[in-house]
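A.B. asks: For reference, the sequence and a predicted model appear below.
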Amino acid sequence: MSKTSMQQTSPASATELNRDAEDYSTTPEFIYGGPFIKVDKPSPFLNVATPINLQLQGSFKKSFAYYSLKERMPVILTKVIDYVSREGSKIKSASGGTDDDLHSFIQYVSKLKNDLVTNKKYDLLTVDTPEAKRWNQWIESCDAQTYFMNTWVFTECYVYRRLREGCELIKGLANFDPFDEQKDQSFNNSMEPMCVVAEKLLTMLPESDKDKRKADFISLLKICLWSNKCDLSLSMGEQVTLKNEGVKTTPSRDVLDPFQMVLDLKDKVLVDDSAKIADLVVTRAESFAKAIEGNTSLKAKCSCNRLATSAGVPLCPQEEKPAEAPAPAEGEQPAELPPCPAKFTIPQDVMFDIVCDNSGYELFTDLCLAHFLIAQKVVQKVRFHVKAIPWFVSDVTPRDFKYVIGSCANGNYKREIPPEHKPEPAEGEAPAEPEPPRVISADSLRQLGGQWEKFVQDGVFEVLSDDFWTSPHVYKDMKRYDPDLYRKLQFATCVLFKGDLNYRKLLGEKNWNPMTGFEPALQGFMPAPVAALRTVKADLICGLPKGKADQLNTIDEKWMEKGDYGVIQVCAKCEPLKVSERPCPLYGDTCRGTVCQ
Ligand SMILES: O=P(O)(O)OC[C@H]1O[C@](O)(CO)[C@@H](O)[C@@H]1O
């Protein structure tokens, strides 16, 4: 940590929370000549782990939530301050900010950190945007409005939203991402495994028979699972690279092969629904393809075939406003209005959705899976849902998406691995032919990157960054807070949620009995089949077989906090929005589209 930032932050000490027992009892008082009476106020902190069926919260002192809010988040914020102090000149020239801007930002972040460690009440956001207003409405509606007393995920999201506000309020830093350097560095540190995966992926792309396609789909899902180990929020911003766990090699010949890693970590996958996901995506994609093919009636209604607005397709100009029906001439039938696009149930393309988590190597693997599904003609389009603002340190933003694809397209890497040392030939034996060195290069990576750039241009890959993903809400509440997004997801063959944060939001941040099924834990969030790939980095889980959680607790009581274990889960059931839950966003309450009944 730089000296400068230490001097500038002067935060309240994190140990203040350790004095919570003192904080919540009054000092003895002298009451009109009477006795000294010690009055204890009950401490809101409890010396327990999160009880079953409650939401995770910083008030449970033996929980990861408490530790995270007290130790991890302040470090993350300190590192932001450090970065700004250390790289001031670079940040100023990239963003156009001034010294005063940087100083104001550091002060803003210092206050935020101070408020967090002293468990202050949330401040309202002061930026004036509809999205900030929605945040404020939510804050005002919360029963508990302090950092440790509200649900953990809410507080964490709030801190990242406030960090963003720190930039929004300062004109010269409006586009500044405090984590850009860490994210880019993490991408660059993973060049070798990316080259290895890229080379193998190229062999998986030519259309293959059903069985091979399924096997490749499954191994790519597992590559995507373990790439979730590489997140910079759990490591508090320290670089994380994949490691050859338990494999002994000579350093000069040591090559990390993520496909080998999938095999080595087989027993660490606690629930493995990967085969189910592969079957389900293919079957559903086939029926979507048929439905689109047979959807002649809707096509006939719009000259440009762009009526499936809620499937994520931009409105065609003539659809932007529902035309007022012209008054019919005498004796004529009233003209038909175009149908309300929000009511369509058939998308334009067969799509697969990925709700992304981390940038860098993890995003690279997501792109590989997407490319595979396109190349195998399982789907025609992949929608990537990313964060609109910097989030949980390493989450993908639209800038990162562009950066990763561009860096793959221009990737540069070469390493020669010397051949294995052969023993000297026995006397009279001919010496063995010398083996050529293995060369790991970025050739395949560049080829993929170039193709991905083209996919983005052609709309085969689409990047969406709805505000909902950076709202505090858990996913069971999406119907209520963002029915349009829920409806948009309904058009996917499957929605794949990556990572720990998405998993926490899928489970409503509740400490379920670990044997609760994935489906009940989703609590009605079923816009399309929902799949989750998550390495376990927070103390909640579902869908485990009987006795498994206890067994893991005896092996390592911190097994849920390190990302060493993973789950691949799916819920095939879908629950589309009900008519009562689907307001007509485009046509309003008086929606008169011909199919709006
Ligand atoms: O990148 P992921 O997998 O969403 O993980 C985010 C990390 O942040 C946390 O959500 C909390 O800070 C942890 O649960 C997890 O370690």
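C.D. replies: Yep, it's here. Numbering: from 1, shown residues only.
A.B. asks: ok, now which ones touch the residue of the stretch 51-200 of the chain found nearest the ligand?
C.D. replies: Here the residue of the stretch 51-200 of the chain nearest the ligand is Ser68; by C-beta to the nearest ligand atom that distance is 5.2 Å. The C-beta positions use only the backbone N, C-alpha and C, and glycine is treated the same way. Residues near Ser68 by C-beta atoms under 8 Å, 6 or more residues apart in numbering: 58, 152, 156.
A.B. asks: measure the closest residue to Asp353 other than its chain neighbours to the ligand for me?
C.D. replies: Leaving aside its chain neighbours, Asp353 sits nearest to Ala492 (4.0 Å; criterion: C-beta to C-beta, 6 or more residues apart in numbering). For Ala492, the distance to the ligand equals 20 Å [C-beta to the nearest ligand atom, to the nearest Å].
A.B. asks: and if you look at Asp257?
C.D. replies: Computed as C-beta to the nearest ligand atom, the Asp257 to the ligand distance reads 23 Å.
A.B. asks: And that residue, what's its pLDDT?
C.D. replies: At Asp257, the pLDDT value in this model is 91.
A.B. asks: next one: Leu315
C.D. replies: pLDDT, Leu315: 43.
A.B. asks: coming back round to it: what pLDDT is listed against the residue of the stretch 51-200 of the chain closest to the ligand?
C.D. replies: 97.
A.B. asks: if we can go back for a sec, so what's the residue nearest to Asp353 up against?
C.D. replies: Applying C-beta under 8 Å, 6+ apart to Ala492 gives the contacts 351-353, 383, 527-528.
A.B. asks: so it bridges to which residues?
C.D. replies: Counting by DSSP bridges, Ala492 forms beta bridges with Met351.
A.B. asks: do you know how far the one residue sitting closest to the centre of the chain is from the ligand?
C.D. replies: By C-alpha atoms, centre = their mean, the chain has its centre lying nearest to Asp357, at 2.7 Å. As judged by C-beta to the nearest ligand atom, Asp357 and the ligand stand 5 Å apart.
A.B. asks: gap between that residue and Met73?
C.D. replies: For Asp357, the distance to Met73 equals 18 Å [C-beta to C-beta, to the nearest Å].
A.B. asks: ok so, going back, need the contact list for the nearest residue to the residue nearest to the centre of the chain once chain neighbours are set aside.
C.D. replies: Among residues not flanking Asp357 along the chain, Gly499 sits closest, at 3.0 Å (C-beta to C-beta, 6+ apart). With contact set as C-beta under 8 Å, 6+ apart, Gly499 has these partners: 228, 231, 357-358, 362, 533-535.
A.B. asks: From the residues you listed, which shows the smallest pLDDT?
C.D. replies: Across the contacts of Gly499, the smallest pLDDT goes to Asp231, namely 64.
A.B. asks: quick one: buried residues of stretch 138-150?
C.D. replies: 139, 144-150 (16 or more other C-beta atoms under 10 Å).
A.B. asks: Sort out for me which of these are in helices.
C.D. replies: Mapping the buried residues of stretch 138-150 onto helices (DSSP state H) picks out Ile139.
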